[in-house]
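Asker: the sequence isn't on hand, but the structure is:
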């Protein structure tokens, strides 16, 4: 079934629903009116019965009862004895199925009698058929007008926006770029969310295409060298010394490719699996782990490493293995860009009532001020010879944000780069 047919089917169902609701409401109204009328009639008839019994009690014989009940021309009155034999009754009208009846027992000269009074329930309704037809026709016109208005409102507020939404999605499928604020109301909010989602998907797709293209370019360069040197070695017209040099070069180029592929594979892995398994860890535990893991290793490489703990009583909830990867990527990046003789890396941990701050500063060559905001992008590199680098810092951002934190960079007081991590503090 097409969308238009479904929309028409929905409108027809709404139309039938309104008619049924109108009929039910009208029936309920009539029922309520008739019920109230019957209740009032019974109360009035009981008053009449009491009044008539008082008059009958003052008569000398039952022969006078006919004259008394004939005084009440608007109601039907029947008087019966204890054996249900009719003593007297009013003339000119009989009981009907729509009469409201009230029975009242009384005694006369030590004998039991029953007075039954009744009135026609629908006596106050219009008896003229033409007036009744006019009334029903007027009610029908009112109902149709209300129904048309309801259908117009439903179509304007619900069906037409959804149809427009469907058409805009068709335009997007044909390659047209969508823009926000094309629809109003709640469906407009849904549409804007859809547009944001498409823009994000397009951005990610373009980003992935650029990364793949860049990696292809980066692999081709060392691969070309490997093929060239391998071909020379294969020909065998070179000295043993030159052959060893070529093999060393081939090995170095292969390591470059391996490093690039491993880095890209790690980046994809963290983007596909962003779930973290956190546990509560104290800052002193983190400090001891940092000093144990990096202190001796960096000292061997001539790099001074220190950790300043200004949050000895603070706790955080982290995935230890993934956060180790964050610190490892940042420190590894700092080591690669050390160009001075006075090599330093300082980790400073501090906190306030809500957050814990971990700043990793180095004395390396640093990054230009205008590039500090883009170093966490997967395509950024300070090495003009490579198109794809900085995937390690991009992975750091993915991990920190999966912890509900944030990461950014600034100029270090040591002369290089300072990477700042903010995490929620656990009370």
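Answerer: Everything's here; your move. The shown structure was predicted, so the numbers you read here are calculated from the model rather than taken from an experiment. Numbers count the residues shown, from 1 in each chain.

Asker: what helix or strand is residue 44 on?
Answerer: Here residue 44, judged by DSSP states H and E, is contained in helix 3-57.

Asker: any idea how far residue 335 is from residue 252?
Answerer: Here the criterion is Cβ to Cβ, to the nearest Å. By it, residue 252 lies 19 Å from residue 335. All C-beta spots, glycine's among them, are computed from the backbone N, C-alpha and C.

Asker: neighbour count winner among these two?
Answerer: Taking other Cβ atoms under 10 Å, residue 252 and residue 335 do not tie; residue 335 has more neighbours (17 against 12).

Asker: next one: the more buried one from residue 413, what distance?
Answerer: When residue 335 is compared with residue 413 (using Cβ to Cβ), they lie 19 Å apart.

Asker: how would you label the residue of the chain most remote from its centre: helix, strand or coil?
Answerer: Here the chain reaches farthest from its C-alpha mean at residue 60, the gap being 87.1 Å by Cα atoms, centre = their mean. Per DSSP: H, G, I helix; E, B strand; the rest coil, the local secondary structure of residue 60 is coil.

Asker: dihedrals phi and psi, it?
Answerer: Dihedral angles of residue 60 (phi, psi; degrees, to the nearest 10) stand at phi -90, psi -30.

Asker: check residue 78 too.
Answerer: Torsion angles, degrees, to the nearest 10, at residue 78: phi -130, psi 130.

Asker: again with residue 306
Answerer: Phi and psi for residue 306, reported as degrees, to the nearest 10, are phi -140, psi 150.

Asker: burial count for it?
Answerer: Counted with other Cβ under 10 Å, residue 306 comes out at 13.

Asker: with residue 287 instead?
Answerer: 17.

Asker: what does the one 4 residues further on give?
Answerer: Using other Cβ under 10 Å, residue 291 is surrounded by 14 other residues.

Asker: now residue 185
Answerer: So residue 185, with other Cβ under 10 Å, has 11 neighbours.

Asker: quick check, it in contact with residue 162.
Answerer: No. Between residue 185 and residue 162 there is no contact, the gap being 10.8 Å when judged by Cβ atoms under 8 Å.

Asker: what strand or helix carries the residue nearest the centre of the chain?
Answerer: With distances taken as Cα atoms, centre = their mean, the chain has residue 190 as the residue nearest its mean C-alpha position (9.5 Å). Element membership of residue 190 [criterion: DSSP H and E] is helix 185-235.

Asker: give the other helices and strands that that helix contacts.
Answerer: If you count contacts as 3 or more Cβ pairs under 8 Å, 6 or more residues apart in numbering; DSSP states H and E, helix 185-235 packs onto helix 160-173, helix 240-272.

Asker: helix or strand right after the last one?
Answerer: Right, the one you point to is helix 240-272. Following helix 240-272 in sequence order, the next helix or strand is strand 279-282 (DSSP H and E).

Asker: which other residues reach that following strand?
Answerer: Strand 279-282 is contacted from outside by 314, 315, 316, 317, 318, 319, 320, 426, using Cβ atoms under 8 Å, 6 or more residues apart in numbering.

Asker: so where's the stretch 251-400 of the chain uncertain?
Answerer: 266-275, 378-391 (pLDDT under 70).

Asker: what about the strands in it?
Answerer: 279-282, 304-309, 315-318, 344-351, 355-362 (DSSP state E, counting those that start in this stretch).
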